[in-house]
Every structure is written in structure tokens, then in C-alpha cells.
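1. I would like to see how this sequence folds:
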Amino acid sequence: MPIIVDIDVMLAKRKMPVGVLADRVGITPANLAVLKNGRAKAVRFTTLEALCEVLECQPGDLLRWEAEVPEVA
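-> Predicted coordinates:
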């Protein structure tokens, strides 16, 4: 997937456990895991806003785009 989720990077920089982030953002740890592992199909702006507020960062610190490399046959 060309959208990379860097929540783990921000968690490490803030030295914050995943459970604490989920609690402060107001989502379940399972839903946070889906998001941070790149399996989410969408993210609500309210969730993104809460993540940025709790982690004191910008959306670009959490999400980035990478071009897909075509597979060589």
C-alpha cells in the first residue's frame, strides 16, 4: 500500500505505550492496531485530529505516501 502509517515512530519518540495512546484518543487498542499496521481502509478526520493532539504532531508526521514499486516478473 502506498500510504505508510508512522504511528509507531511517533509513539517511540514520545515514549508512549499503545494502550495509553488508544485511551487518550478514545479508540480501542484493536482499532489503533489496525490503523498503525496499515490495514485500515480509512481514517476519520476526528481520529486523525485526536492522534495529532495527543502526540503533538502534524498529520504528515503520521501518514506518508510512497510510490509502489512494480513487481518484476
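2. what are the buried residues along whatever helix or strand D61 lives in?
-> Under the criterion of DSSP states H and E, D61 resides in helix 59-62. Neighbour-count burial for helix 59-62, counted by 16 or more other Cβ atoms under 10 Å, picks out D61, L62. For glycine as for every other residue, the C-beta is placed from the backbone atoms N, C-alpha and C.
3. avg pLDDT for it?
-> Average pLDDT, helix 59-62: 96.
4. pull the residues that contact that helix.
-> For helix 59-62, the surrounding residues in contact (Cβ atoms under 8 Å, 6 or more residues apart in numbering) are V5, D6, I7, V9, M10, L48, L51, C52, L55.
5. and stretch 8-26, end to end?
-> Using Cα to Cα, to the nearest Å, the end-to-end distance of stretch 8-26 comes out at 18 Å.
6. residues in contact with A33?
-> Contacts of A33 (Cβ under 8 Å, 6+ apart): V18.
7. show me what the helix or strand following the helix holding D61 packs onto, helices and strands only.
-> Using DSSP H and E, the helix or strand that directly follows helix 59-62 along the chain is strand 63-65. Other elements packing on strand 63-65 under the criterion 3 or more Cβ pairs under 8 Å, 6 or more residues apart in numbering; DSSP states H and E are strand 3-5.
8. the next helix or strand after the strand it packs on packs against which elements?
-> Going down the chain from strand 3-5, the next helix or strand is helix 7-14, by DSSP H and E. Applying 3+ Cβ pairs under 8 Å, 6+ apart, one finds that helix 7-14 makes contact with helix 18-25, helix 29-36, helix 45-55, helix 59-62.
9. go with 6 Å
-> Under the contact criterion of 3 or more Cβ pairs under 6 Å, 6 or more residues apart in numbering; DSSP states H and E, helix 7-14 touches no helix or strand at all.
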